[in-house]
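1. Quick one, structure for this:
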Amino acid sequence: MRYLNGLLVIIIMFSGHCLSAETISVCSTCKIKSIKEGIKTAAEFDTLLIKKGTYKEFNILIDKPLTLLGENFPIIDGEDQGEIIRVTADNVTIDGLFIINVGTSYTSDYAAIRVVKSENFIIQNIVLEKLFFGIYLEKSNNGKVYHNKIIGDAVDEYNSGNGIQLWYSKNVEVDRNIVQGVRDGIYLEFSDNITINNNISTNNLRYGLHFMFSNDDIYTNNTFENNGAGVAVMFSKRIKMIGNTFRKNWGAAAFGMLLKEINDAEISGNTFEENTIGINIEGSNRIKYINNNFIKNGWAIKVLGACYTNTFEKNNFLYNSFDISYNSKLNDNVFNQNYWSDYAGYDLDQNGIGDVPYRPVKLFSYIVNRTPETIVLLRSLFMDIIDFSEKVSPVFTPDNLLDANPLMKRTK
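-> Alright, predicted model coming up:
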C-alpha cells in the first residue's frame, strides 16, 4: 500500500510538470533571441522551439530538464570556438538541429553535443557537420541516440574525433544513425548493455565501430563499409553481433572485424564481403560463428593464436583467396557443416553432406603468414601442388583442423 501511495505521488508530480510546461519560441524576431537566453528563461520541462535561422553560439549549457526542438533544422554555428552544447540535467531531449563548426583542440575533446552524468536523454534528428567529436556520452545512462547524420571531414587521426562516443555509459540505444568521415564512427569504452542497431558507418579513418572494455552489448543490422577497418571488439565479454554487413574494408592492416581478448560471444547472420581480412581473431574464446557469409575476401578468417573452444557452423565460405589462416599446430576449435566453395568432394548417399572431410587451411596461407612477399605466387601451379600435398598429409597445419561434415550446398 505504501508503495502504491508513493507511486501515485510520483505520477501526480510528473503530471503536474507536464501540465505546467510551456513552449518558448526562439528566433531573431521573437522576444527570446538566443538559445542561451531561452534556457535561462525556461522552467523545468519546458520546450524551446528554435525557429529556422542561424544561431552563432557555443558553450550552451542545459542544466535543467528541457526539450530543444528545432523547426526546419535551424543552424547552430559554434564558429570553431569550442564545445557547442553540454547537457548536465536528466530528462533532456534535443531534436531537429543542424550543428556546425565545433572547435578543434589537442587537450580537450570538444563535442557538438556532450551529455554528462545524465539520465533519460534523447538526441534525435540532428545533423552534424564540420565537427571534432560529434555526440559524446559521458557517464550517462538510459538514453537514446536516434536518426542522426554525422558528416566529418577528418584527414588525420591525431586531430580528429569520433562520431558517436560512449564512455562509462549504460543502457543506451544507438539506432539509425549515419556516420562518416570521422576517426571512429561509433566508439564504446567501459559501456555496458548498449544496443547498436541499423546504423551506417562508412569512410571513417580508423574503425566503423570500436569496443573497448564493454560487456553485454549487442549490435545488429549495421553496415560498416570502406573504413580504415570495419569493427574492432577488444577486451569485452558477451557481445552479440548479428545481421551486420562488413564490406570493402581494404588496406594493408584492414579487416571487416577484429576480435582481441573476446569471450563468450555470438557472431551470426553477418556478411563479410570484399575485405582484406573478414575476421581477424586473437585471444578470443567460446565464440559461436553461425550462418555468416564470407564472400570474396583476401582471408575469410585469420586466427593468430590463443583461440580456444570456438564453434564455426553453417557458414558460407565463397570465393575467398584463403578461407582459414592458422598460425598454430594445435586446434581446439570445431568446424562443422560449413559450405566451402573450394570443396571438391562428393556426396554418394545424397544427404547434402560431403563424404570426404574438408581441410580449409592451405599450406600457402601458412607460408604467406611468415613471408608476406610470397603472395605474388598465389595463382602458381607450384603452390597448388604443395597445398594438395599438405591436405593429404598435414605437417605444418593442425591435422584435426577440418570440417568433417562439409555442406554440398550453401546455407540460406
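
2. Next, the distance between the ends of stretch 260-267.
-> End-to-end distance of stretch 260-267: 14 Å, with Cα to Cα, to the nearest Å as the criterion.

3. what's in contact with that stretch?
-> With contacts defined as Cβ atoms under 8 Å, 6 or more residues apart in numbering, stretch 260-267 is touched by 232-242, 257, 259, 279, 282-290, 292. Bear in mind the C-beta positions are built from the backbone N, C-alpha and C, glycine included.

4. Give me the buried subset of those.
-> 232-234, 236-237, 239, 241-242, 257, 259, 279, 282-285, 287, 289-290, 292 (16 or more other Cβ atoms under 10 Å).

5. how far does stretch 203-210 stretch from start to finish?
-> 14 Å.

6. tell me the mean pLDDT for that stretch?
-> The average of the pLDDT scores along stretch 203-210 is 95.

7. go on, stretch 298-307?
-> Stretch 298-307 comes out at a mean pLDDT of 89.

8. Run the chain-centre distance for it.
-> Taking Cα atoms, centre = their mean, to the nearest Å, one finds the center of stretch 298-307 at 20 Å from the center of the full chain.

9. buried sites along that stretch?
-> Applying a neighbour-count criterion of 16+ other Cβ under 10 Å, one finds Gly298, Trp299, Ala300, Ile301, Lys302, Val303, Leu304, Cys307 buried in stretch 298-307.

10. List the contacts of the last one.
-> With contacts taken as Cβ under 8 Å, 6+ apart, Cys307 has the following neighbours: Ile281, Glu282, Gly283, Ser284, Asn285, Asn333.

11. Specify which member of those is nearest to Ser160.
-> The shortest approach to Ser160 among the contacts of Cys307 belongs to Glu282, at 26.4 Å (Cβ to Cβ).

12. Over to the closest residue to the closest one other than its chain neighbours: give its phi and psi.
-> Nearest non-adjacent residue to Glu282, counting by Cβ to Cβ, 6 or more residues apart in numbering: Leu304, 4.2 Å away. When read as degrees, to the nearest 10, the backbone of Leu304 gives phi -100, psi -10.

13. just Glu37 next, same as before
-> phi -60, psi -40.

14. how about the nearest residue to it, chain neighbours excluded?
-> Excluding its sequence neighbours, the residue lying closest to Glu37 (Cβ to Cβ, 6+ apart) is Val26, at 7.7 Å.

15. Is the one you found bridged to anything, and to what?
-> Going by DSSP bridges, Val26 is paired in beta bridges with Ile32, Ile50.

16. distance of it from Ile123?
-> Note on Val26: its distance to Ile123, by Cβ to Cβ, to the nearest Å, is 19 Å.

17. Show me which parts of stretch 30-44 are buried, residue by residue.
-> Cys30, Ile32, Ser34, Ile35, Lys36, Glu37, Gly38, Ile39, Ala42.

18. sorry, that was for stretch 156-173
-> Ser160, Gly161, Asn162, Gly163, Ile164, Gln165, Leu166, Trp167, Tyr168, Ser169, Lys170, Val172.

19. what about the helices in the protein?
-> Assigned by DSSP state H, the chain shows helices spanning 2-20, 35-41, 363-370, 381-392.

20. my guess is Ile35 meets Ile62, correct?
-> No: assessed by Cβ atoms under 8 Å, Ile35 is found out of contact with Ile62, at 9.3 Å.

21. which neighbours do these two share?
-> With Cβ under 8 Å, 6+ apart as the test, Ile35 and Ile62 both reach Leu68.

22. Leu68 versus the residue nearest to Glu37, what's the distance?
-> 9 Å.

23. Likewise for Phe45?
-> 13 Å.

24. who has more neighbours, those two?
-> Leu68 (27 against 18; other Cβ atoms under 10 Å).

25. picking that back up, among the contacts of Cys307, which one sits closest to Gly354?
-> The closest of the contacts of Cys307, once distances to Gly354 are taken by Cβ to Cβ, is Asn333, at 19.3 Å.

26. which one is that closest one nearest to, not counting chain neighbours?
-> Of all residues not flanking Asn333 in the chain, Asn310 sits nearest, at 4.4 Å (Cβ to Cβ, 6+ apart).

27. what separates stretch 41-55 from the chain centre, distance-wise?
-> Counting by Cα atoms, centre = their mean, stretch 41-55 comes out at 33 Å from the chain centroid.

28. mind giving me the domain ranges of this structure?
-> Under the assignment automatic domain parsing, the domains of the chain span 22-227, 236-412.

29. Comparing those, which comes out most buried?
-> domain 22-227 (a mean of 20; mean count of other Cβ atoms under 10 Å).

30. Can you give me the end-to-end span of it?
-> Start-to-end span of domain 22-227 (Cα to Cα) is 45 Å.

31. Which residues outside the longest strand seen in the chain are in contact with it?
-> When the chain is parsed with DSSP state E, its longest strand is strand 229-237. For strand 229-237, contacts defined as Cβ under 8 Å, 6+ apart pick out 206-217, 224, 239, 241, 244, 246, 249, 251, 253-265, 275.

32. These in strands, which ones?
-> 207-212, 224, 241, 246, 257-263.

33. With respect to Asp77, which of the residues you listed is nearest?
-> With Cβ to Cβ as the yardstick, the closest approach to Asp77 among the ones in strands among the contacts of strand 229-237 comes from Gly208, at 28.4 Å.

34. if I pick that closest one, what's in contact with it?
-> 179, 184-186, 201-202, 222, 224-225, 227, 229-231, 249.

35. Is Ile135 bridged to anything, and to what?
-> Note on Ile135: beta-bridge partners Ile113, Ile164, judged by DSSP bridges.

36. Retrieve the pLDDT associated with it.
-> Looking at Ile135, its pLDDT is 98.

37. Can you give me every residue that contacts it?
-> 111-113, 115, 123, 126, 128, 145, 148, 150, 163-165.

38. Against Thr47, how distant is it?
-> 21 Å.

39. Find the nearest non-adjacent residue to Ser25, please.
-> Leu49 (4.9 Å).

40. Surely the one you found is in contact with Val26?
-> Yes: between Leu49 and Val26 there is a contact under Cβ under 8 Å: 6.8 Å.

41. For the residue nearest to Leu166 when sequence neighbours are not counted, list the residues it contacts.
-> If you skip the residues right next to it in sequence, Leu166 has Ser191 as its closest partner in space, 4.2 Å away by Cβ to Cβ, 6+ apart. Ser191 is in contact with Leu137, Leu166, Trp167, Tyr168, Ser169, Lys170, Val172, Ser214, Asp217, counting by Cβ under 8 Å, 6+ apart.
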